[in-house]
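S.K.: what's the 3D shape of this:
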Amino acid sequence: MAQQGEGSLQAPTRHPLGWQEDSFWERDSLNEELERVYDVCHGCRRCVSLCDAFPTLFDLVDESETMEVDGVEKNDFFDVVEQCYLCDLCYLTKCPYVPPHEWNIDFPHLMLRAKAQKFKADGGSFRDNLLTSTDAMGKALTTIPLVDVTANALNKNKLFRNALETTLGVHADAPLPEYHRKTLRKQFSAAPKSPAPLGRTTGKVALYATCYGNYNTPDLGQDFAHVFAHNDIHIELVPKEACCGMPKLELGDLDSVNALKEKNIPVLAKLVDQGFDLIAPIPSCVLMYKQELPLMYPDDPDVLKVKNAFFDPFEYLFLRHKEGGLKLDFKETLGEVSYQVACHLRVQNIGNKTRDILNLVNDTVVHTIERCSGHDGTYAVKEETRAKSVK
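M.R.: Numbers count the residues shown, from 1 in each chain. So this is what the prediction gives:
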């Protein structure tokens, strides 16, 4: 076989994660792969402007005795892993050596493998397990009256936040989301519509609320319901759901991801069988069902069924628009809008559909910002990584 150069005329592909294979969990095998991939990255350095994983790696190499990867201590390999929050941008926008290139570089999923081995070995800290239990946190803070109000007030109290940083390692200056007792599930309403299929869409949508959309920003999901109903799209809430598992995936807790998948996929697959398309307001949750779960369970027909029925909300609206199914009788302009494109939306590879929909509004100018917001899941609230997240 002739050796390939940088890049490829073929579209990037992604191999299954292989987390259920014994070799995935072998430490020596992991260290060999980390050394191989780090060596390629060290010789390339295109990703230096992305997350701090790459500057951390390059500093380790440059400060070693050999100034090569073989001079870096194996124990220091995980310094790089800790700076990766699985945004996926290196894979989708920078790396010239992703499959089908023979070097077969999948940096994010190698970091995920390392995170999974680390979590299996030490179980994660109390703080990290708590922060990634978004569904449990949401239920605890929105079920009993006034608990949400108290939590929101404490999160703005400097003395409390300083104590939280000292005891738990949650940075005192990191913004924390508000909680609302009147969750999306408690307030959701949408007028029933007669489904009208257009193109790839059925015109019948089930909204997966997500933890953030349900407990923290319930107005977001309700606004989507109003927009979809206005455009004669039938929309309902998914009748029962748990967290999508993305926070646990970023922690490396694959057993918890599996448990959440077992709760969600049967419900969502049944909805697809009933003719529903699926949407969610949070890009990370959409990516979980479109990409991460299918790569964890490539042979599960229900997972693939859900994948093929899941849409970003603005992707869905734009598909309807292409078939003449979107009402464009806007009453007001939006003026100039700055729109930050979420990393987990960019890597869905669907184009900039939010911008395209906003541009349909009369006399509206959209300025897109394709840089990381700095939040990065739990990365931005941790004491040790807060400064890097805002850099």
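S.K.: center of this structure, which residue is that?
M.R.: S284 (2.4 Å; C-alpha atoms, centre = their mean).
S.K.: next, that one: phi, psi?
M.R.: Backbone torsions of S284, given as degrees, to the nearest 10, read phi -60, psi -40.
S.K.: then D22?
M.R.: The phi/psi pair for D22 (degrees, to the nearest 10) is phi -60, psi -40.
S.K.: isn't the residue nearest to the centre of the chain right next to M246, touching?
M.R.: Yes: contact criterion C-beta atoms under 8 Å: S284 and M246 qualify, at 4.8 Å. Quick note: C-beta positions are derived from backbone N, CA and C, even for glycine.
S.K.: which residues are common contacts for these two?
M.R.: Taking C-beta atoms under 8 Å, 6 or more residues apart in numbering as the contact rule, S284 and M246 both touch G377.
S.K.: contacting residues for the residue nearest to the centre of the chain?
M.R.: Counting by C-beta under 8 Å, 6+ apart, S284 touches 244, 246, 342, 344, 377.
S.K.: please redo it, this time with the cut-off set to 10 Å
M.R.: 86-87, 210, 212, 244, 246-247, 249-250, 292, 342-345, 377 (C-beta atoms under 10 Å, 6 or more residues apart in numbering).
S.K.: check V37 too.
M.R.: Shown in contact with V37 (C-beta under 10 Å, 6+ apart): 57, 69, 80, 97, 103-107, 110-111.
S.K.: quickly find the element holding it.
M.R.: helix 27-44 (DSSP states H and E).
S.K.: buried sites along that helix?
M.R.: For helix 27-44, the neighbour count (16 or more other C-beta atoms under 10 Å) marks 30, 33-34, 37-38, 40-42, 44 as buried.
S.K.: who wins for most neighbours among the contacts of S284?
M.R.: Neighbour counts for the contacts of S284, by other C-beta atoms under 10 Å, peak at T210, which reaches 29 neighbours.
S.K.: so that residue makes contact with T217?
M.R.: Yes: with contact defined as C-beta atoms under 10 Å, T210 counts as touching T217 (9.2 Å).
S.K.: common neighbours of the two, please.
M.R.: Counting by C-beta under 10 Å, 6+ apart, the contacts common to T210 and T217 are 184, 281-282.
S.K.: of these, which belong to helices?
M.R.: The helices, defined by DSSP state H, take in L184 from those.
S.K.: in a markdown table: the shared contacts of T210 and T217, plus distance to L360, pLDDT and neighbour count.
M.R.: Listed next are the shared contacts of T210 and T217 as a markdown table, based on distance: C-beta to C-beta, whole Å; pLDDT from 0 to 100; neighbours: other C-beta atoms under 10 Å:
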| residue | distance to L360 | pLDDT | neighbour count |
| --- | --- | --- | --- |
| L184 | 26 | 97 | 25 |
| P281 | 19 | 96 | 21 |
| I282 | 23 | 96 | 25 |
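S.K.: and of the shared contacts of T210 and T217, the nearest to L130?
M.R.: Within these, proximity to L130 (C-beta to C-beta) peaks at I282, which comes in at 19.7 Å.
S.K.: if I look at the residue lying closest to the closest one once chain neighbours are set aside, how far off is N258?
M.R.: Leaving aside its chain neighbours, I282 sits nearest to T210 (4.5 Å; criterion: C-beta to C-beta, 6 or more residues apart in numbering). Between T210 and N258 the computed distance is 19 Å (C-beta to C-beta, to the nearest Å).
S.K.: now swap in V303 and tell me
M.R.: As judged by C-beta to C-beta, V303 and N258 stand 11 Å apart.
S.K.: residues shared between the contacts of these two?
M.R.: 293, 296-297.
S.K.: quick check: PyMOL command selecting the buried ones in those residues.
M.R.: One line in PyMOL is enough to select the buried ones among the shared contacts of V303 and N258; burial here means 16+ other C-beta under 10 Å:
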select buried, resi 293+296+297
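S.K.: what comes up buried for the one helix or strand V80 maps to?
M.R.: In this structure, V80 sits in helix 77-81 according to DSSP H and E. For helix 77-81, the neighbour count (16+ other C-beta under 10 Å) marks 77, 80-81 as buried.
S.K.: still on that earlier bit, so for the contacts of S284, which is the shakiest by pLDDT?
M.R.: Lowest in pLDDT among the contacts of S284 is G377, which has 80.
S.K.: what sits against that one?
M.R.: G377 sits next to 85-87, 131-132, 134, 246-247, 249-251, 284, 344, 389 when contact means C-beta under 10 Å, 6+ apart.
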